[in-house]
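Enquirer: Need a 3D model of the following:
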Amino acid sequence: MRKILIAILLLYVLFLLTSCLIKPVVLSLSIIPQSSGTFSGTGVYLKGEYVTITADATECFMFIGWYDRENDS
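Expert: Residues are numbered from 1 along each chain as shown. Now for the predicted structure:
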């Protein structure tokens, strides 16, 4: 029983150490012009995590692409 408790404690300490090293990344999206479509995929993710984002244009609009305001690209 004591070995199990020690193993659980070590796993907990390892979890705390690794969770401090992995910083979350906030993904935010916006549509220009507003009300020209919908999107999904915003949220808080871990760096390096794969994320699926989607965009759908409403009638009379066309989805052109993604733009990164932070890096101006």
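
Enquirer: Pick out the residue nearest the middle of this protein.
Expert: residue 45 (3.0 Å; CA atoms, centre = their mean).

Enquirer: And that one, how far from residue 24?
Expert: Distance, residue 45 to residue 24, using CB to CB, to the nearest Å: 7 Å. For every residue, glycine as well, the C-beta is placed using N, CA and C.

Enquirer: Which secondary structure element is home to the residue nearest to the centre of the chain?
Expert: strand 43-46 (DSSP states H and E).

Enquirer: Could you look up the next helix or strand downstream of that strand?
Expert: Heading C-terminal from strand 43-46 (DSSP H and E), you reach strand 54-57.

Enquirer: for the record, mean pLDDT for that following strand?
Expert: Averaged over strand 54-57, pLDDT sits at 92.

Enquirer: So what are the sheet partners of that strand and their directions?
Expert: According to DSSP bridges, strand 54-57 forms sheet pairs with strand 37-40 (antiparallel).

Enquirer: quick one: contacts of the strand it pairs with?
Expert: Strand 37-40 is contacted from outside by 29, 31, 53, 54, 55, 56, 57, 58, 61, 63, using CB atoms under 8 Å, 6 or more residues apart in numbering.

Enquirer: could you redo the residues you listed as TSV and give each row neighbour count?
Expert: Compiled in TSV, the contacts of strand 37-40 are given as follows (neighbours: other CB atoms under 10 Å):
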residue	neighbour count
29	13
31	16
53	12
54	10
55	16
56	11
57	13
58	10
61	13
63	13
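
Enquirer: Going by distance to residue 8, which of these wins?
Expert: Lowest distance from residue 8 to these (CB to CB) belongs to residue 53, with 37.4 Å.

Enquirer: pretty sure that closest one contacts residue 41?
Expert: Yes - Residue 53 is in contact with residue 41 according to CB atoms under 8 Å; the separation is 3.1 Å.
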